[in-house]
Structure formats: C-alpha cells, structure tokens
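*Asks:* The sequence and its predicted three-dimensional model are supplied below.
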Amino acid sequence: MLKKILFWIIPIVFLFSACVNEQTADPLDINLERTILRLSNYNTLKDLQVPDRHDLANIPAGIGNPLTTEKVALGKMLFFETGLARDAVHESGMGTYSCATCHVTTAAWMPGAIQGIADGAWGFGYNGETRILNSEYEEDEMDAQGARPLSMIGVAYVTNSMWSGHFGARFQNEGTEDIWGVYDPITEINHTGLDGLEAQNIEGTELHRMVVDSYVLDTLGYREMFDAAFYDWPENARYGKESLSFALSAFIRTILPYNAPYQKWLRGDKEAMTDQQKRGATLFFGDAGCHRCHQGPSLGNNAYHAVGVNDLHDVGGVNTSADDPRNLGRGGFTNKPEDMFAFKVPQLYNLKDSPYYFHGSSHYSLRDVVQYFNDGIPENERVPVESISSYFHALNMTDAEMEDLTAFLSDALHDPSLRDYHPEFVLSGNCFPNNDPISQNQNQLGCQ
C-alpha cells in the first residue's frame, strides 16, 4: 500500500516543485532564455557557452594543430617575446616589438591607438596609446596595418581570418581556390590546406618581421620548449615558421571569455547579470536583431557585411590611403562586386576596453556604436548604397533601450581575467610587449 501511495505522491511533488521554480524565477531570465532559444535558432544555451581556457579538449583546434599544454605554453611566451623581432627594417627597430604590441590585453586584445604599428614605432603607455613614429623610418617602411586589427578574443571560433576572411582553405573559402595568390600573393598559403589562424600566422610572422633562428632557440633558450611542443615533428621541421605559427595559434585559441557575466548566466548563475543587462540581452537577441550577425559562443560570425563606416585613412592612419585595397573588405580578396566593402563580423567581448571601433577606428565608444546602428545611416560616401547590408537599417530603439543594450555589450560581455594572460617574464629577459628605449623607461610596463 505504501508503494502505491509513493507512486502517486512523488510525481505530484516534482510537478509542484517545477511549478514553484517557474513561478519564483525572474521573469527577465525566463523571457531572455525563451528569446534566445526561439529567435536565435539555438537548441540549448550550451550552444553559446565557451569552454574554460584550460579545457583544451573542448576548444576548437585548427586542422593539423591539436592543442596541447606544451604548445600553448610556448605560444604564450612567443606572443609576448620581443626577441622574435629580428628582421626589422632598421637596427633601431630590432627586438623592440611583439605580437602583443598590436594585440593589447587591456585594450580588448587590439591596439590602444587608432592603428597597430609594430616595426616603425616606439613607446607604449598603458594600453599602447602612446606609440609614436620612429623618425628613422619612411612611411612605407612601417609595419602599419591598413585596417584596425581584429581582437584575439574568441578566435577559436573564426574559420577564415582577417576582415576579408582571405586566410584558410576551408569553410567560406571553399570554391575560391582559383584566386589564391592571384589578387593578393599572401593568400597562396591557403594551398597548404591549413585553417585561417594557422595560415595567417605563418604569413603574419613573416609580414611582421619576426624570426625563429639559432639566436632565438639557443641564445634566448626556446629550443627546449619547441622540442617539448613538437616532439613528434622531424627535427629539421621542428623550428621555423610553421611551428611558430602553430604554437602562437594554439595559445590564441585559448583566449576565451569564460568569466564574463553573460557566460556565467548561460551556465546557470542568474545573478551574474543585472536587470539592465538582461533587458539589453533580450534586445540583442530580439527586437534589435543584433543576433542576425553576431552569433555563436564569441558573438561573432564568419560572414561579411557592409555597414558603411569610414576607413582608417579618414582618421589619420599612416601607410594607407583611400585607394588601399584593404578598404574593400571581402571584395579585396574575391574581387566580386557583391563582396565589395563587406567586412567580417567581429566578436563582441571586452569591447569596453577598446578606445576605438570598426575596421577604420571611426567610432570611440560602445554607446556611439549602438547609436550608429540604431540610426542606420552609412557615414562613408565611398561605399555605394547598393553595397550596404540589408541588416543595416534604422532600429528605432528608444534612448532607454539603447542604454540597456549598451550595458549588455559593455559590462555583461566583459571578462576581466582576459587582462591577465601575459606571462611573468619572457626568456629573453626583455621588456614586453615593447622593448624600445621609450617603452623601457615607462613605468607602466614594469621593466625598470
């Protein structure tokens, strides 16, 4: 008799408990979860979660480049190592910059100035904001990027890298094989079959004048770390551009916003976001339509859209101009009319750390960016109306709604631990991320 009673009571208890939980749950949480699952085509909130940086088995890896602790450790050291800068144009630039010069941890892993300049500039400041041009360099000698470098956050989810997506043999570049190396010689690297990040870093380290040689291996002491990371590679292939790229790429793939309040909310901590941030998130995945472009765990996308913002030369960038092919975005790679002025959709985490936005550094605050999308009016007269994305149009949000959306973008997507990725030292003993005389004397870097 007792078993029969329990048979009926237990389901009733569970049903009552579920009803109580539903009734006591925050309506903002219920509405946000329903909005995400209904309007954004996700089957579960897990689809939007990023793994912890140490959970290498669940971080997307590049083809042929499985993630290991040894490889990530080597890549981390090399990312900040100014001793790699051994192919500078002038002696004064030798050993003065690193990958972290233009991907600053405290500036959302982007430059702290309007433009990233490695070889050809000196100084740093707090976030790379006080770099000045090295007077020994002519403008065309500077390693200055013609478009603002993309953030390194969430790059594990990027299949084809750069604003134009021209690196990588698979995914969006399948079917473009006939133009690899045609309009842009560096895209010849795609014939290796590598994915975007690994291909980019092979070409990128050469473009940015970085070298792994006997000095780096033996004088600075990196040979042992290369041996540990690539023990299964033939010795004659273990040290060079490919292994350098694979190590850097492995480390970069671990730069994930696991501790952002929004990520904590996705994992079940419903107190991690404020009510305002939840309202902003509901707009993001709902009426504002941001999710149409910004998708997945990194809230980025491997798609390309033209939103008509100004280019880098418009705000004073050096070694660029109105005729710079990098202003064409995807079209500069494919040479197709429908791709002209369309740029890769960037990720959205830690953007409040960045002083500039868009490929041309043309906007200066997240609130300004939200206003730009709400107005839906292109600012770059060189971009034809017919090229503008159909997703770029007036959103008609109120001021209060724009404040809510900005709060979500600014604070709910901010992971402060992403500022702490740098090592305690690099094997050269050099100052990092910069090692020029001006940087060495700046107390902000803690070198002296």
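*Replies:* Now that the structure is in, tell me what you want to look at.
*Asks:* in stretch 180-193, what counts as buried?
*Replies:* Neighbour-count burial for stretch 180-193 flags 180, 184, 186-187, 189-190 (criterion: 16 or more other CB atoms under 10 Å). Every C-beta, even on glycine, is put in place using the N, C-alpha and C of the backbone.
*Asks:* can you pull out the helices in this protein?
*Replies:* For the chain, helices defined by DSSP state H occupy the ranges 2-24, 27-39, 69-80, 196-207, 214, 223-229, 241-252, 261-266, 275-285, 331-334, 366-375, 399-407, 437-440.
*Asks:* residues in contact with the third one?
*Replies:* The list of residues contacting helix 69-80 from outside it, by CB atoms under 8 Å, 6 or more residues apart in numbering, reads 56, 65, 84, 98-100, 103, 222, 225-226, 228-230, 244, 246-252, 254, 421-423, 426-427, 432-433.
*Asks:* now that helix against helix 196-207, angle please.
*Replies:* 40 degrees (axes from the mean of the first three to the mean of the last three CA atoms, to 10 degrees).
*Asks:* thinking Gly165 is in contact with Tyr304, fair?
*Replies:* Yes: contact status for Gly165 versus Tyr304: in contact at 6.6 Å, counting by CB atoms under 8 Å.
*Asks:* residues shared between the contacts of those two?
*Replies:* Here Gly165 and Tyr304 share the contacting residues 330, 344, scored by CB under 8 Å, 6+ apart.
*Asks:* what's the neighbour count on the nearest residue to Ala144 once chain neighbours are set aside?
*Replies:* Among residues not flanking Ala144 along the chain, Asn319 sits closest, at 4.2 Å (CB to CB, 6 or more residues apart in numbering). Residues lying near Asn319 (other CB atoms under 10 Å) number 20.
*Asks:* Asn319 and Ile189, how far apart?
*Replies:* 22 Å (CB to CB, to the nearest Å).
*Asks:* circling back to that earlier point, out of the helices of the chain, nearest to Phe392?
*Replies:* helix 366-375 (7.3 Å; CB to CB).
*Asks:* Check which helices and strands that closest one sits against.
*Replies:* When contacts are defined as 3 or more CB pairs under 8 Å, 6 or more residues apart in numbering; DSSP states H and E, helix 366-375 packs onto helix 399-407.
*Asks:* what residues does stretch 24-34 touch?
*Replies:* Counting by CB under 8 Å, 6+ apart, 22, 45, 265, 270, 275, 278-279, 281-282, 285 sit against stretch 24-34.
*Asks:* if we can go back for a sec, now tell me which of the buried residues of stretch 180-193 the prediction trusts least.
*Replies:* Looking at these by pLDDT, the weakest one is Asp184, with 87.
*Asks:* hang on, it packs against His166?
*Replies:* Yes: with contacts counted by CB under 8 Å, Asp184 reaches His166, the gap being 6.2 Å.
*Asks:* Spit out the residues that contact these two alike.
*Replies:* Residues touching both Asp184 and His166 (CB under 8 Å, 6+ apart) are 332-333.
*Asks:* Dump the buried residues of stretch 180-193 to TSV, plus distance to Gln115.
*Replies:* Output for the buried residues of stretch 180-193, formatted as TSV (distance: CB to CB, whole Å):
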residue	distance to Gln115
Trp180	28
Asp184	20
Ile186	20
Thr187	23
Ile189	24
Asn190	26
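*Asks:* In a markdown table: the helices of the chain, plus mean pLDDT.
*Replies:* Converted to a markdown table, the helices of the chain look like this (pLDDT from 0 to 100):
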| stretch | mean pLDDT |
| --- | --- |
| helix 2-24 | 48 |
| helix 27-39 | 93 |
| helix 69-80 | 98 |
| helix 196-207 | 95 |
| helix 214 | 96 |
| helix 223-229 | 98 |
| helix 241-252 | 98 |
| helix 261-266 | 98 |
| helix 275-285 | 98 |
| helix 331-334 | 95 |
| helix 366-375 | 98 |
| helix 399-407 | 98 |
| helix 437-440 | 90 |
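*Asks:* Of all the ones you listed, which one is nearest Pro297?
*Replies:* Pro297 sits nearest to helix 261-266 of all those, at 8.5 Å, using CB to CB.
*Asks:* list the helices and strands that closest one packs on?
*Replies:* helix 275-285.
*Asks:* Identify the residues contacting the helix it packs on?
*Replies:* Counting by CB under 8 Å, 6+ apart, 26, 28-29, 31-32, 35-36, 39-40, 261-262, 265, 273, 290-291, 294, 397, 401, 403-409, 411-412 sit against helix 275-285.
*Asks:* Only whichever of those are buried, select them in PyMOL.
*Replies:* Buried residues within the contacts of helix 275-285, by 16+ other CB under 10 Å, are selected in PyMOL with:
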select buried, resi 28+29+32+35+36+40+261+262+265+273+290+291+294+397+401+404+405+406+407+408+409+411+412
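*Asks:* separation between Leu248 and Asp55?
*Replies:* 20 Å.
*Asks:* meant to ask about Gly332, not that
*Replies:* 36 Å.
*Asks:* Looking at these two now, which is surrounded by more residues?
*Replies:* Shown here are Gly332 and Asp55; by other CB under 10 Å, Gly332 has more neighbours (23 against 13).
*Asks:* Surely that one is in contact with Thr187?
*Replies:* No: contact between Gly332 and Thr187 fails when scored by CB under 8 Å: they sit 10.6 Å apart.
*Asks:* Name the residues contacting each of the two.
*Replies:* With CB under 8 Å, 6+ apart, Gly332 and Thr187 have common neighbours His166.
*Asks:* quick one: low-confidence ranges for the protein?
*Replies:* In the predicted model, the chain carries pLDDT under 70 at residues 1-23, 443-444, 446, 448.
*Asks:* just the strands in it please.
*Replies:* Ranges of strands within the chain are 121-122, 132-133, 304-305, 343-344, based on DSSP state E.
*Asks:* what's the closest of those strands to Arg148?
*Replies:* Short answer: strand 343-344, nearest of the strands of the chain by CB to CB, at 10.4 Å.
*Asks:* Mind listing residues that contact that closest one?
*Replies:* 150, 160, 162-165, 300-307, 329-330, 359.
*Asks:* change it to 7 Å
*Replies:* Strand 343-344 is contacted from outside by 163, 165, 304, 329, 359, using CB atoms under 7 Å, 6 or more residues apart in numbering.
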